[in-house]
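S.K.: Here is a sequence together with a model predicted from it:
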Amino acid sequence: MLPPNVHHLELFYYVAKFGGITPAVRKMPYGIQQPAVSGQMLQLERDLGVKLFNRRPFALTPAGDELYTFISPFFSRLTQVAGKLRGEEGVHLRLAASGTVLANHLPDVLERIREQQPELRLTLREAVQLADIEPLLAAQEIDLAVTTLDGQLPSPIKSIELLRLPLILICRDGEGAKSFGTLCNAGRSQIGEPLVSLSAEHALNAIFQRELEKRELVWEPRVEVSALELVANYVGRGYGYGLTIDAPGIEIPAGLRKIPLRGFPPLRIGLLFQGKLKPIAEQFALAAAEVAKTLR
């Protein structure tokens, strides 16, 4: 035997609570016609195989009284619990970003939110690649991701661009070429100097390699690292040129210098989300855009 329809049980709760179908139709929190309620009460009684109440005058049968006693604690508290959940969800912001962004850039944005939402609750996840972010968005485990924007996005995912950051090379002071053109002026397609960069799947390296291919140049990394901070670290130790970005908050350590990469596309930073943003997430997106303006 199948369990009773939950909607039928909810209607029965209101019928029992308000003392009949007619008063239940008038007082229940959503609109439904009396014939529909009557029909669904008959269906509930057929499904259970018992009579739940006498119609005129209204009175619960012993079976109806037992059922009402059982379901009443759930349905009587449902509105209260839903309101509580909505209130908590209204101040709960769930974000994903790289470790660097979580540590160095998000706090400034979140302070703006917290000024307006003192009860702000946060869930912060470390995720960099779209392959990691997409399932988090699909499962609604995060509201937004702060990440690089590169290539075509899957159709459910939307983006908001915040920043465009120039690509640069870094090398040790007093060493290496004066410009990128100097590296390429030897009439060779293969650049032989060692390169330190992020891993191949990272958007920064992908943009760089695509532009090299357009220019019919080949320059493969000799050292691949997991964070931009490590690029400068290994360049400073003499491992070669480093590929990084010229961005606010990323200081080039003393003893290193920048080599501009003129004509290379920038690294785009933005927000990824899916569906309609809830108000607290919209608030974050606006605050992030305002902070990004100060960094351009």
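M.R.: Everything's here; your move. Residues are numbered from 1 along each chain as shown.
S.K.: Contacts only, for residue 79.
M.R.: When contacts are counted by Cβ atoms under 8 Å, 6 or more residues apart in numbering, residue 79 touches residue 29. For the C-beta atoms, the positions are set from N, CA and C on the backbone; glycine is no exception.
S.K.: mind checking how far it is from residue 69?
M.R.: 19 Å (Cβ to Cβ, to the nearest Å).
S.K.: ditto for residue 122
M.R.: According to Cβ to Cβ, residue 122 and residue 69 sit 42 Å apart.
S.K.: ok, now residue 144?
M.R.: Taking Cβ to Cβ, one finds residue 144 at 45 Å from residue 69.
S.K.: and what of residue 235?
M.R.: From residue 235 over to residue 69 (counting by Cβ to Cβ), the distance is 74 Å.
S.K.: who has more neighbours, the two?
M.R.: Set side by side, residue 235 and residue 69 show more neighbours around residue 235, with 28 against 11, by other Cβ atoms under 10 Å.
S.K.: Can you classify the more buried one as helix, strand or coil?
M.R.: Using DSSP: H, G, I helix; E, B strand; the rest coil, the secondary structure recorded for residue 235 is helix.
S.K.: to the chain's geometric centre, what's the distance from the helix or strand of the chain with the lowest mean pLDDT?
M.R.: Here the helix or strand of the chain ranked lowest by mean pLDDT, DSSP states H and E is helix 62-90, holding a mean of 83. Offset of helix 62-90 from its chain centre (Cα atoms, centre = their mean, to the nearest Å): 31 Å.
S.K.: What's the first helix or strand after that helix?
M.R.: Next along the chain after helix 62-90, taking DSSP states H and E as the criterion, comes strand 92-97.
S.K.: Setting the sequence-adjacent residues aside, check what's closest to residue 258.
M.R.: Nearest non-adjacent residue to residue 258, counting by Cβ to Cβ, 6 or more residues apart in numbering: residue 168, 5.0 Å away.
S.K.: The one you found touches residue 245, doesn't it?
M.R.: Yes - contact criterion Cβ atoms under 8 Å: residue 168 and residue 245 qualify, at 6.7 Å.
S.K.: Neighbour count for the two, which is higher?
M.R.: Per other Cβ under 10 Å, whichever of residue 168 and residue 245 has more neighbours is residue 168, with 21 against 18.
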